[in-house]
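Chemist: Build me a model:
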Amino acid sequence: MIEARLTGLDRAEALAYLGVTGAPDGDLSARLDRAEALIMDAARPRAVWRLFAILPDGTLAGTGFAPAGEDIRAHLAGCGQAVLMAATLGAGIDGLLRRTQAADMALAVVLDACAGAAIENVCDNLCADLAGQLAPRHMTGRFSPGYGDMPLAQQGALCRVLDVGRRIGVSLTPGGLMVPQKTVTALVGISETPVSRRTGGCAGCEKYEGCVLRGEGRRCGG
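Modeler: Numbers count the residues shown, from 1 in each chain. Got it, this is the predicted structure:
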């Protein structure tokens, strides 16, 4: 049994989400301190994952779900299995963000960036725990719907396969965005031989600089 764990947040990653380079000034440092404390108190991380064989046509066995796009096919090349995973910080973070936006917008912006770094920490911890459980097999990095040419619309199919509503309390809006908003879904390839492919995470996505969702303060789930 693998439990979701939030062990901290990477401030460099939070600063990247904020578009800040170099050391933060005193005011921003104080907001980062406050945001981190609030997140660690309010977060209730939960996660779910399942392991599937990859059939010759790219479908995950027993699901009818075939990840679409050349980029995900290249990412999974040479992998006989794939893990589907989802992780969330919980609804408490959404409520915290709403309250902070009404009271202190400057803090709310920092809080949102720190929450993004926090959910990446949960995903990193989950992948580290999976690596230990699945050894001696090898894992690729995470790849989420909305990365590269994998359609964001596949978020719904991935969530149905994982039964995220029942398992971790996550739902999808009609537009395909997840609630709670600090939720990530991803695929991870599993191979019998070592693999070297980019890791997941919003800041590492090739679309990061021009991402429309990021500009609106939202995420595709990566």
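
Chemist: Any buried residues in the helix ranked longest in the chain, and which?
Modeler: Looking across the chain with DSSP state H, the single longest helix is helix 105-134. If you call a residue buried by 16 or more other CB atoms under 10 Å, then helix 105-134 has these buried ones: 107-127, 129-130. Placement of C-beta: from N, CA and C, glycine included.

Chemist: Quick check: beta-bridge partners of the residue nearest the centre of the chain?
Modeler: Centroid check for the chain by CA atoms, centre = their mean gives V184 as the closest residue, at 3.1 Å. Residues in a beta bridge with V184, per DSSP bridges, are A87.

Chemist: for this protein, what spans make up the helices?
Modeler: So, for the chain - with DSSP H - the helices run 11-18, 26-42, 70-75, 91-103, 105-134, 155-162, 164-168, 212-215.

Chemist: among those, where is the model least confident on average?
Modeler: Out of the helices of the chain, helix 212-215 stands lowest, with a mean of 46 (criterion: mean pLDDT).

Chemist: Stretch 124-144: how far from the chain's middle?
Modeler: Offset of stretch 124-144 from its chain centre (CA atoms, centre = their mean, to the nearest Å): 14 Å.

Chemist: coming back round to it: right, and the residue nearest to the centre of the chain touches A115 too?
Modeler: No: in this structure, V184 is not within contact of A115 by CB atoms under 8 Å, at 11.5 Å.

Chemist: and A82, what is it in contact with?
Modeler: Residues in contact with A82 (CB atoms under 8 Å, 6 or more residues apart in numbering) are L51, F52, I54, L60, P67, L76, L187, V188, G189, I190.

Chemist: Verify the stated contact: the second one with T63.
Modeler: Yes: under the criterion of CB under 8 Å, F52 makes contact with T63 at 6.4 Å.

Chemist: What separation is there between L9 and Y17?
Modeler: Noted for L9: a distance of 11 Å to Y17, by CB to CB, to the nearest Å.
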